[in-house]
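Q: here's my sequence, what's the structure:
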Amino acid sequence: MQTFISETIDDILIKQPSFEDCVFILPSQRAGVFVKDTFKKKIVTGFLPEIKTIESFVSEISEITKADSIQLLFHFYSIYCEIEKHPDTFDVFSSWASVVLQDFNEIDQYLVNSDDIFTYLRDIQRMKKWSVRGEFKETELIKDHLIYMEKLGVYYSKFYLFLLEKKVGYQGFMYREATKKVYQFLEKNTYKKFFFIGFNALNKAEETLFKIILDNQNSDIYWDIDAAFFDGAHSAGSFIRKYKKEWSYFEKNELKVISSNFNSKKNIEIIGAPKNISQLKYAGEILEKFNNHESTALVLGDESLLSVALNSIPKNVSGINITMGYPLQNVPTSQLISSIFQLFITQDTLQKSASNKFYHKDVIRFFKNSIIYQLVKGNASKKILTIENNISKQNNTFINISTIESYLKSLDKKNSSLLLAIFKPFVTVEEFMKRILNLLDGAKDHVSVLEKEYLYRYHNAFNQLINLNKTKKYFQNIKTIYQFYKRIIANEKLSFQGEPLNGLQLMGMLETRVLDFENVIITSVNENIIPSSATQNSFIPFDVKVQFGLPTYREKDAIYSYHFFRLLQRAKNVYLLYNTENDTFGGGEKSRFISQLELIKTSISQNLIAPKITTDKKELTEVDKNEEVLKTLKELAFKGISPSTITNYLYNPIAFYKQKILHIKEIEFVEETIAVKTMGIVIHDTLDELYTPYINTFLTCNHIDLMLKKHKEIVKKYFFKHFKNGEILTGKNRISFEISKRFVERFLTMEKKDLSEGNQIKIIGIELNLETLISVPNINFPIKLKGIVDRIDLYNGTIRIIDYKTGSVKTGDLKVLNFEEIQTVKYSKAIQILLYAYMYSQHSSFDKEKSLEAGIISFKNLKSGLLKVNFSSKLRSSNHDITEEKLEEFIEQIKYLLQEIYNPEVSFKEPKTLSYS
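A: You can find the predicted model right below:
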């Protein structure tokens with residue numbers, strides 16, 4: 001394949017015997033590498049031309065050094081403070097100043113008369129104020145905006161003079177100065193010949209420079225345009241058609257190079273894929289089909305998908321060159337630094353009562369970072385887990401520094417002091433940044449070689465922040481530093497090492513300028529990606545931009561169009577992938593460039609693909625009962641099996657195995673908002689304390705009145721006990737606290753109403769421990785059943801077994817028609833309450849002469865009163881009497897269940913479906 005660079009150099013070699021005094025100006029540094037390689041293949045001996053990028057060329061002419069965006073912002077703020085009597089703080093200023101600098105850049109790049117455009121903008125704002133009646137309601141916000149727009153011209157002029165004196169500036173400033181000094185530059189370099197190669201869309205300053213150099217010097221320009229786009233009205237050729245028409249240079253010289261490669265035979269496939277990952281995975285499959293990846297490019301329309309692309313490269317790709325850098329903000333060190341900032345940013349937002357404390361999630365996030373793990377050394381995971389467990393056990397939503405210090409005692413002294421320093425109060429922001437530097441220094445000896453590179457780059461970033469702040473002291477708080485830290489890191493990338501000329505080329509769209517490939521794969525060819533979105537951040541309205549010849553989204557679309565179609569010109573195999581899903585902005589709509597291509601080229605293959613889905617049969621967990629398991633089960637039988645243990649087995653035998661055999665406990669978390677379980681414990685303990693003094697006593701209304709007087713304080717006491725270190729007087733916790741008080745109050749009121757209606761209630765037991773031994777066939781040892789029943793009372797001569805539930809319970813949950821069907825999760829609540837009834841029936845205090853009932857009081861359904869176990873099969877009738885025969889029939893079914901649990905031949909099996917009860 002004859003590339004554009006090869007064609008251009010062939011043409012130059014015919015006319016130019018020597019390159020000693022030649023300068024090649026190219027759009028990018030990468031293009032220069034390919035130019036040098038092509039020269040190496042075409043000439044044996046001689047000097048290469050001087051090769052420059054357009055930016056370095058302009059810098060040479062203007063004698064201005066380009067400043068980075070952060071330095072420019074600092075310089076601009078110093079000018080702003082000189083002009084304003086009451087300037088904004090630096091963080092407020094920086095929120096709008098970046099947009100202003102971008103506007104200044106465009107104004108200078110397009111050589112717009114600054115006085116004219118700022119006067120124009122000022123007059124627009126004045127016209128907005130004008131009214132026929134002379135009435136205009138001017139708020140403070142509108143007034144500030146009008147004053148700001150009036151001063152834009154002043155900011156620009158003062159800043160321009162400042163940069164001129166310092167000989168540094170933004171790109172547009174360099175361009176404007178270059179147009180002023182170009183003649184002086186040419187006088188000094190009369191012996192040089194300049195070649196401009198591979199340009200397309202030029203700003204006004206570049207146009208001016210090119211025209212002056214072409215008209216006044218023995219120079220030449222080579223365009224890369226195909227006749228298919230140049231001869232018609234296609235947007236890809238709009239800029240070059242304009243230059244051909246307007247430049248005097250082309251009155252005497254022909255336009256070079258117009259090729260006709262686009263209409264040659266090509267294999268073009270347009271592929272729709274769901275989601276971004278599917279696109280990249282399919283691109284990997286395409287690459288796998290190639291035996292040789294020379295002259296092959298994988299172009300990412302969305303460069304943020306670089307990591308996905310790297311994981312999709314097939315094994316047969318032996319060489320790869322990645323032109324994009326890996327974003328530094330995606331490495332683990334970035335998460336560590338962000339977690340440190342978040343510690344103090346969250347602290348700033350806390351209430352006064354929690355000042356100088358750290359939010360527990362921020363603390364855990366910091367300690368669980370991989371860099372900290374390596375710094376801790378030894379059994380790091382266990383030490384970090386201990387810290388996390390201590391926070392959870394103490395239920396510390398906010399943690400003070402003395403508590404953190406106690407957590408770090410298990411670490412060696414050096415690392416402990418290094419980590420503790422991060423949490424200590426600081427006086428200046430510079431002191432805070434130096435602590436981070438110390439942590440990075442301390443971590444470098446404990447990490448891998450690659451991670452050392454991460455730490456080094458972040459070390460440089462913080463040194464840059466410290467140096468910027470030394471002279472001006474603009475960083476007044478953590479949020480401002482964090483804002484600029486993110487800005488620095490966003491532009492920092494880790495370069496990949498590779499061979500720039502061999503193997504697969506992985507690049508972004510703009511990096512393909514001047515380069516040609518036989519095989520081209522482009523991903524994310526969707527609207528708002530290729531071309532990019534039409535939205536723009538600017539203080540200059542669209543119509544004003546058009547009036548003064550500044551670029552709008554229309555010009556930017558034409559630039560994208562050129563890059564896209566130019567890349568296809570010489571390619572033989574083209575694969576265009578787009579996202580078919582419309583769940584993201586711009587998703588699902590293929591790029592207009594694909595639609596244009598479909599009109600130009602008829603022999604296009606179109607496919608819709610989907611990832612291959614393999615449906616692996618899920619193997620349900622099954623655990624056999626070995627000797628150790630049976631031994632543990634026997635120990636459980638001696639300790640006692642509770643009703644909740646039995647219902648847990650019914651729900652999921654594997655959960656039973658993990659909890660009772662392996663003794664795996666639930667993970668404890670810091671309880672920021674009151675959990676339902678905590679709320680239930682508080683209500684249970686409150687009722688326990690209220691009713692315990694009246695055991696073996698017939699209740700009266702006076703008793704209930706006494707309870708009503710003190711129940712609120714008791715609820716509060718138990719919340720402080722069970723909701724450790726929690727705040728119950730604000731937010732959702734306050735609601736839970738009030739609901740708990742209301743539940744207890746409504747229950748006591750219901751109890752009082754019952755008594756006032758003449759019913760007799762005698763408290764037999766509160767939170768009564770029950771246990772009994774039972775013999776199970778085929779098991780050669782007794783099994784203890786045990787449990788704690790919430791309340792047992794005597795109601796008008798009937799013994800009632802009562803269980804409190806803060807959740808919702810329905811009458812259907814307690815309807816038992818056939819005991820043979822009771823071994824299911826559906827009857828879990830009935831099983832629990834009937835087991836309490838059976839255990840109490842075996843208790844020495846049980847009076848067999850009295851009838852027995854059992855039920856649940858649901859605090860979410862208090863109007864229904866006590867929901868009793870019902871044995872009646874009729875719809876509207878009830879049978880609540882728990883007889884000795886029913887209990888025996890029930891316990892027989894429980895024995896069958898226990899036989900299954902203790903049977904060595906029956907393994908623990910995970911159920912196919914887990915019900916929610």
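Q: contacting residues for Trp223?
A: Residues near Trp223 by Cβ atoms under 8 Å, 6 or more residues apart in numbering: 198-200, 240, 255-258. Where you see a C-beta, it was placed from the backbone N, CA and C, and this is true even at glycine.
Q: sorry, slip of the keys, the one I care about is Ser538.
A: Counting by Cβ under 8 Å, 6+ apart, Ser538 makes contact with 99, 102-103, 106, 545.
Q: over to it. Which of the three states is it?
A: Classification of Ser538 by DSSP: H, G, I helix; E, B strand; the rest coil places it in coil.
Q: where's it relative to Ile79, distance?
A: Going from Ser538 to Ile79 by Cβ to Cβ, to the nearest Å gives 20 Å.
Q: again, but for Asn316
A: 57 Å.
Q: these two: which is more packed in?
A: Counting neighbours by other Cβ atoms under 10 Å for Asn316 and for Ile79 shows that Ile79 has the greater number, 19 against 12.
Q: Gly325 is in contact with Cys495, correct?
A: For residue 495 the amino acid is Ser, not Cys. Yes - in this structure, Ser495 is within contact of Gly325 by Cβ atoms under 8 Å, at 5.1 Å.
Q: more crowded one of these two?
A: A direct count of neighbours by other Cβ under 10 Å for Ser495 and Gly325 places Gly325 higher, at 14 against 10.
Q: residues touching the more buried one, list them.
A: Counting by Cβ under 8 Å, 6+ apart, Gly325 touches 493-496.
Q: filter these down to the buried ones.
A: In the contacts of Gly325, burial by neighbour count holds for Lys493, counting by 16 or more other Cβ atoms under 10 Å.
Q: can you tell me which of the contacts of Gly325 is nearest Tyr191?
A: For the contacts of Gly325, the minimum distance to Tyr191 (Cβ to Cβ) is 36.5 Å, reached by Ser495.
Q: and the residue nearest to Ile529 when sequence neighbours are not counted, how far from Tyr691?
A: Nearest residue to Ile529, sequence neighbours excluded (Cβ to Cβ, 6 or more residues apart in numbering): Gly301, at 4.8 Å. Separation of Gly301 from Tyr691 (Cβ to Cβ): 71 Å.
Q: looking at these two, which is more packed in?
A: Neighbours around Gly301 and Tyr691, counted as other Cβ under 10 Å, are more numerous at Gly301. The numbers are 25 against 22.
Q: I'd say the more buried one and Ile530 touch.
A: Yes - proximity of Gly301 to Ile530 meets the contact threshold set by Cβ under 8 Å, at 4.6 Å.
Q: list residues touching both of the two?
A: Counting by Cβ under 8 Å, 6+ apart, the residues touching both Gly301 and Ile530 are 509, 522, 524.
Q: reformat those residues as TSV; add pLDDT.
A: Listed next are these as TSV, based on pLDDT from 0 to 100:
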residue	pLDDT
Met509	88
Ile522	95
Ser524	91
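Q: now, the residues you listed that are in strands?
A: The strands in this structure, assigned by DSSP state E, contain Ile522 from the shared contacts of Gly301 and Ile530.
Q: so can I have CSV of the shared contacts of Gly301 and Ile530 showing distance to Phe462 and neighbour count?
A: CSV is the format used below for these (distance: Cβ to Cβ, whole Å; neighbours: other Cβ atoms under 10 Å):
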residue, distance to Phe462, neighbour count
Met509, 33, 22
Ile522, 38, 26
Ser524, 34, 25
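Q: and the contacts of Ser538, which is closest to Asp21?
A: Nearest member of the contacts of Ser538 to Asp21, counting by Cβ to Cβ, is Glu106, at 34.8 Å.
Q: can you confirm that closest one is in a helix?
A: Yes - according to three-state DSSP, Glu106 belongs to a helix.
Q: do a quick rundown of the strands in the stretch 101-250 of the chain.
A: Assigned by DSSP state E, counting those that start in this stretch, the stretch 101-250 of the chain shows strands spanning 168-169, 193-199, 220-226.
Q: should've said the stretch 751-900 of the chain
A: Under DSSP E, counting those that start in this stretch, the stretch 751-900 of the chain gives strands at 761-774, 783-795, 798-805, 852-858, 866-868.
Q: the residue nearest to Thr673 when sequence neighbours are not counted - how many residues pack around it?
A: Ranked by Cβ to Cβ, 6+ apart and with sequence neighbours excluded, the top spatial neighbour of Thr673 is Lys732, at 4.8 Å. Using other Cβ under 10 Å, the number of residues around Lys732 comes to 10.
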